[in-house]
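J.: Whatever this is, show me its structure:
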Amino acid sequence: MDRDLASKAGKHVGDTALVLTKTGQRQVRIVGLSQYPGGKGSLGGETYVFFSTPAAQAALGAPGAFDDIVAAATAGVSQQQLRDRIAAALPAGAEAITGTQLAAEQSTDVKSNLGRTYSTRARRSPTSASRWTTRPS
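T.: You can find the predicted model right below:
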């Protein structure tokens with residue numbers, strides 16, 4: 001959980017908190033608090049609750065599934081080469097994109113949602129990596 005959310009909720013490491021997920025409400029134990037470099041708990045008022053991979057998959061009703069995976073290339077491999085190598089191994093209905101393409105998508109998403117209240121999840125976007133994801137049909 002992010003430090004600012006914990007503070008506002010009066011929660012500390014070791015406490016439990018009620019979290020609303022796609023599969024319903026669940027009690028979780030707070031095992032750590034996060035913050036940005038420099039000690040900021042938030043960049044713009046957003047809040048976070050982090051889960052282990054198995055707990056997140058269970059909370060989303062998708063055991064064993066991943067939406068996004070980030071891959072970094074070794075020296076000398078371009079974003080396009082990495083994307084093409086990953087794309088060749090993906091099942092039908094999945095796509096691979098470069099970090100540059102992901103950054104452009106995220107920029108468009110942010111610009112189109114400025115001023116709105118909404119819920120979303122964040123994706124990391126290292127410039128030397130590609131990510132692949134299955135898209136809803």
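
J.: Disregarding residues adjacent in the polypeptide, which is nearest to Ser7?
T.: Gly41 (7.4 Å; C-beta to C-beta, 6 or more residues apart in numbering). From N, CA and C alone the C-beta is placed, and that goes for glycine too.

J.: repeat for Gly61
T.: Thr23 (4.8 Å).

J.: try Ser34
T.: Nearest to Ser34 is Asp2, by C-beta to C-beta, 6+ apart, at 5.1 Å.

J.: Now do the same contact list for the one you found.
T.: Asp2 makes contact with 33-35, 41-42, 46-49, according to C-beta atoms under 8 Å, 6 or more residues apart in numbering.

J.: What ranges does the chain have for its helices?
T.: Under the criterion DSSP state H, helices of the chain are mapped to 3-9, 53-59, 79-89, 99-113.

J.: what would those look like in a markdown table with distance to Val19 and mean neighbour count?
T.: Below are these laid out as a markdown table (distance: least, C-beta to C-beta, whole Å; neighbours: other C-beta atoms under 10 Å):
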| stretch | distance to Val19 | mean neighbour count |
| --- | --- | --- |
| helix 3-9 | 11 | 16 |
| helix 53-59 | 8 | 14 |
| helix 79-89 | 32 | 15 |
| helix 99-113 | 23 | 13 |
